[in-house]
Structure formats: structure tokens, C-alpha cells
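Attaching a predicted model along with its sequence, questions to come.
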Amino acid sequence: MSGLQNDLLRTLTKVAGALRGASIPFALTGGCAGYARGGPATEHDVDLLVREEDAPQAVSVLVAKGMRAAEAPEDWLLKVYDGDHLVDLLHRPNERPVTDEMLAMAEELPVGSVVLPVMSATFVLESKLLVLDGHRCDFSELLPFARALREQIDWEHVRAETKHSPYAEAFLVLVERLDILDWSTR
């Protein structure tokens, strides 16, 4: 594990403690969720799901803990920094509002030195596939994720939830052709 990965885990621990202390429900998603489930390490950022009505309070709580808020060009998340480490507070990823029901799907898992609610590998992969478009169509991080977590992924669910995306469809063809999954056994 790299020093940056350790730093992200420290940031995650600090953020989780602050949000729990303020009784703000959240769930870990993105690359850190994949890492928590046994996938490849991430060095990008920490992604957390929060309900939209809780997002401004979450930012205030984190700023009170010494982090700094940052402007987000997108309207579906808020951003804070812990030093140089970015934390994205997603409240409407892929145009799906974060709800109590969505947060309830998370499973409590150990992540570094804490136990946190972590979204499923299926949810994370679907989310990652749904952001692909003509300007962002890089499978290089998705392939190791899919390979490492293939037994934890409900591939039929991924296919159904991403069926409108030609980029997701291309990825699913690729993982089948690479023998990461076999549709005939599903």
C-alpha cells in the first residue's frame, strides 16, 4: 500500500468520525469501497454517498474539523479537502438521488482502522460504468476492479441497470471476452 493510500485511509477515518459524530448517514462508494472489498488500491479521492438534505451540513461539519470546502462545477456533489486529499460528497450520482433505502444497502465492513458502511461491488461498478461517455471512456481502472471483485458482482444486475449505455455494453463485452466472467454460467 502506498503512502498516498494510507493518507486517504486517514482522511476517510477522520471524515467518517466527524459525520458519525454529527449523526449524518453516509456510505462509502467509489474506489475506496472497491478497496474495502478486496479490489485494487485507489489513490484518487474518497467518495461518500450522503442524502442531498444532509450534504450542506456534512460540509459544515467537515470544515469545523479543519477541512476546506471547494466549489464543485457539478450540481450532484459537494467537495471538501483534507489537506491535499479530496472528499466527494455525492448526493445524486448518475442522476439517482441518495435515499435512506440506498444507504441501507451498504454493508458494514472494516476499512483501515474503522468499520464503515460500504456499498456493494455491484453498485460501485454500475456507478462507474454510468459515468462513461465519449469524453471519458477509460477501462484501465475498471478492468482490475472487475477482475478482483468478479465473484462479488451481480453481473445480470449490472447489465440491466446499465443497458442504456453503449459504453457499459462495450465494457461488459470486453470482460466476457477476457474471461473475467462467463455469461453462460449466469
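All right, it came through fine.

Flag the shaky bits of this structure, pLDDT-wise.
1-4, 182-186 (pLDDT under 70).

could you redo the last one with a cut-off of 80?
The model of the chain has pLDDT under 80 over residues 1-5, 43, 182-186.

quick one, longest helix in the protein?
The helix that spans the most residues within the chain, counting by DSSP state H, is helix 3-21.

buried residues in it?
5, 8-9, 11-12, 14-16, 18-19 (16 or more other CB atoms under 10 Å). (Glycine included, C-beta is placed from N, CA and C.)

and what of stretch 53-73?
54-55, 58-59, 61-62, 65, 67.

Now do the end-to-end distance for that stretch.
Start-to-end span of stretch 53-73 (CA to CA, to the nearest Å) is 19 Å.

for stretch 111-129, same thing?
End-to-end distance for stretch 111-129: 24 Å, by CA to CA.

what does the host helix or strand of Phe123 contact?
Assigned by DSSP states H and E, Phe123 belongs to helix 121-130. With CB atoms under 8 Å, 6 or more residues apart in numbering as the test, helix 121-130 has contacts from 29-30, 33-34, 37, 39, 93-94, 105, 141-142, 145-146, 149, 152-154, 157-158, 161-162, 165, 167-168, 171.

circling back to that earlier point, which elements pack onto the longest helix of the chain?
Under the contact definition 3 or more CB pairs under 8 Å, 6 or more residues apart in numbering; DSSP states H and E, helix 3-21 sits against helix 30-36, strand 46-49, helix 55-64, strand 77-82, strand 85-90, strand 114-118.

can you give me the angle the third one makes with strand 85-90?
Translated: helix 55-64. Here helix 55-64 points in a direction 160 degrees away from that of strand 85-90 (axes from the mean of the first three to the mean of the last three CA atoms, to 10 degrees).

Measure how far helix 55-64 is from the centre of its chain, please.
Relative to its parent chain, helix 55-64 has a centroid offset of 19 Å by CA atoms, centre = their mean, to the nearest Å.

Also the last one?
Distance of strand 114-118 from its chain centroid, counting by CA atoms, centre = their mean, is 13 Å.
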